[in-house]
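Undergrad: 3D, please:
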Amino acid sequence: MDEQSNPHTPLVPEVAFYYPGPMWDIGSWVKNLVLFFDGIALLVPEYMKNRPSMLDPAIVAGLSEHGLLHILEPETMINKAATEQLAEAMTALIISGALDGLAAEETEFHELSYSRMGSYGDRGLAAMIFEELKARGLARDSADGVSIPMHPLVRGIILVLLAQILRPYGKNFGMELSPATDRPQVVGALQELLSLPSSPSAGRVVAFDLETVSVDLSSIPIDEVLGFRRDHLDEHKAYTRNVRKFVRESAIPGGP
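TA: Sure, this is the predicted structure:
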């Protein structure tokens with residue numbers, strides 16, 4: 001008996017887990033996304049905690065007022081087990097030679113927080129990743145003590161990996177995390193490089209659906225979008241249940 005057929009089984013909120021950065025790029029995309037999910041989660045380092053409200057104050061305030069924005073802190077979320085998974089994946093990638101030649105490219109480095117490298121989960125493993133990248137010219141010593149300048153492609157790889165690694169940890173916060181992004185071309189290229197499994201998450205399925213049914217909500221105030229969501233909550237819940245069913249069936253050999 002599944003959660004739809006058992007009325008006594010509480011539904012776990014299904015939350016869109018944004019990646020690869022700590023903040024979305026496209027506000028209208030978030031407005032569409034919140035119509036399909038029970039909220040939006042961001043992985044934001046402690047020293048960046050005010051950045052979302054600075055970059056998109058109206059949407060952040062609207063989501064927060066309705067309890068639809070969840071700020072997850074890598075300092076507490078990325079534990080030892082998650083850091084071990086990240087270190088294993090990065091070590092395999094480095095040994096494979098897939099990152100060879102990147103150091104020769106002339107590109108501006110982007111910052112990645114120590115916490116998203118797993119330093120709070122296992123300082124030794126995080127330091128090992130950093131030293132391996134630094135030795136290859138893909139990372140540099142920190143200038144501020146909280147973040148590491150890093151080749152943007154390598155930074156993106158780490159953040160894509162974290163989106164997958166951290167999915168199961170949503171249950172610790174009473175939610176089901178579904179990775180979702182407004183940068184599908186960038187993420188798709190990184191996933192191909194990483195050879196990640198291609199089975200769809202709910203976030204990916206909804207992302208495909210948004211390409212077909214979304215409308216331009218950039219000029220619509222977030223309060224009106226959330227009002228529409230409230231008035232059509234039953235339809236919203238039915239849609240998310242169907243997405244979960246589709247994802248489960250897609251993961252089963254012989255499923256649709």
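
Undergrad: hey, which helix or strand in the protein has the poorest pLDDT?
TA: helix 202-213 (a mean of 62; mean pLDDT, DSSP states H and E).

Undergrad: What ranges in this structure fall below the confidence cut-off?
TA: 1-10, 196-200, 203-215, 240, 243-244, 247-256 (pLDDT under 70).

Undergrad: Tell me which stretches of it form helices.
TA: Residue ranges of the helices in the chain, as given by DSSP state H, are 27-33, 51-55, 57-65, 74-77, 80-96, 123-135, 152-165, 184-194, 202-213, 222-231, 233-250.

Undergrad: want to throw the ones you listed into CSV with mean neighbour count?
TA: Heads up, the C-betas are built off the backbone N, CA and C, glycines and all. Listed next are the helices of the chain as CSV, based on neighbours: other Cβ atoms under 10 Å:
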stretch, mean neighbour count
helix 27-33, 21
helix 51-55, 15
helix 57-65, 17
helix 74-77, 18
helix 80-96, 16
helix 123-135, 17
helix 152-165, 21
helix 184-194, 15
helix 202-213, 17
helix 222-231, 15
helix 233-250, 15
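
Undergrad: Could I get the ones you listed in JSON lines, plus columns for distance to Gly21?
TA: Shown next, in JSON lines, are the helices of the chain (distance: least, Cβ to Cβ, whole Å):
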{"stretch": "helix 27-33", "distance to Gly21": "13"}
{"stretch": "helix 51-55", "distance to Gly21": "10"}
{"stretch": "helix 57-65", "distance to Gly21": "15"}
{"stretch": "helix 74-77", "distance to Gly21": "12"}
{"stretch": "helix 80-96", "distance to Gly21": "17"}
{"stretch": "helix 123-135", "distance to Gly21": "19"}
{"stretch": "helix 152-165", "distance to Gly21": "7"}
{"stretch": "helix 184-194", "distance to Gly21": "10"}
{"stretch": "helix 202-213", "distance to Gly21": "15"}
{"stretch": "helix 222-231", "distance to Gly21": "20"}
{"stretch": "helix 233-250", "distance to Gly21": "24"}
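
Undergrad: hey, C-alpha coordinates of stretch 133-141 in CSV?
TA: The C-alpha trace of stretch 133-141 is given here as CSV (Å, rounded to 0.1, in the frame of the first residue of the first chain):
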residue,chain,number,x,y,z
LEU,A,133,43.2,20.4,-6.8
LYS,A,134,45.7,23.0,-5.7
ALA,A,135,48.6,20.8,-6.9
ARG,A,136,47.0,20.8,-10.3
GLY,A,137,46.5,24.5,-10.5
LEU,A,138,42.7,24.2,-10.1
ALA,A,139,42.4,25.8,-6.7
ARG,A,140,44.2,28.5,-4.7
ASP,A,141,44.8,29.4,-1.1
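
Undergrad: what about the helices of the chain, which gets the closest to Ser178?
TA: Distance to Ser178, taken as Cβ to Cβ, is lowest for helix 202-213 among those, at 3.9 Å.

Undergrad: Nearest to Glu105, out of the helices of the chain?
TA: Going by Cβ to Cβ, the one of those nearest Glu105 is helix 152-165, 8.6 Å.

Undergrad: Could you figure out how far the closest one is turned away from helix 123-135?
TA: Counting by axes from the mean of the first three to the mean of the last three Cα atoms, to 10 degrees, helix 152-165 points 150 degrees away from the direction of helix 123-135.

Undergrad: what's near enough to touch the residue nearest to His70 when sequence neighbours are not counted?
TA: Nearest non-adjacent residue to His70, counting by Cβ to Cβ, 6 or more residues apart in numbering: Ala41, 4.2 Å away. Ala41 makes contacts with 15-18, 69-72, 170, 175, 177, as judged by Cβ atoms under 8 Å, 6 or more residues apart in numbering.

Undergrad: Among the residues you listed, the buried ones, what's the ChimeraX command?
TA: Buried members of the contacts of Ala41, defined by 16 or more other Cβ atoms under 10 Å, are picked up in ChimeraX with:
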select :15,16,17,18,69,70,72,170,175,177
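
Undergrad: No further queries at this time; thank you.
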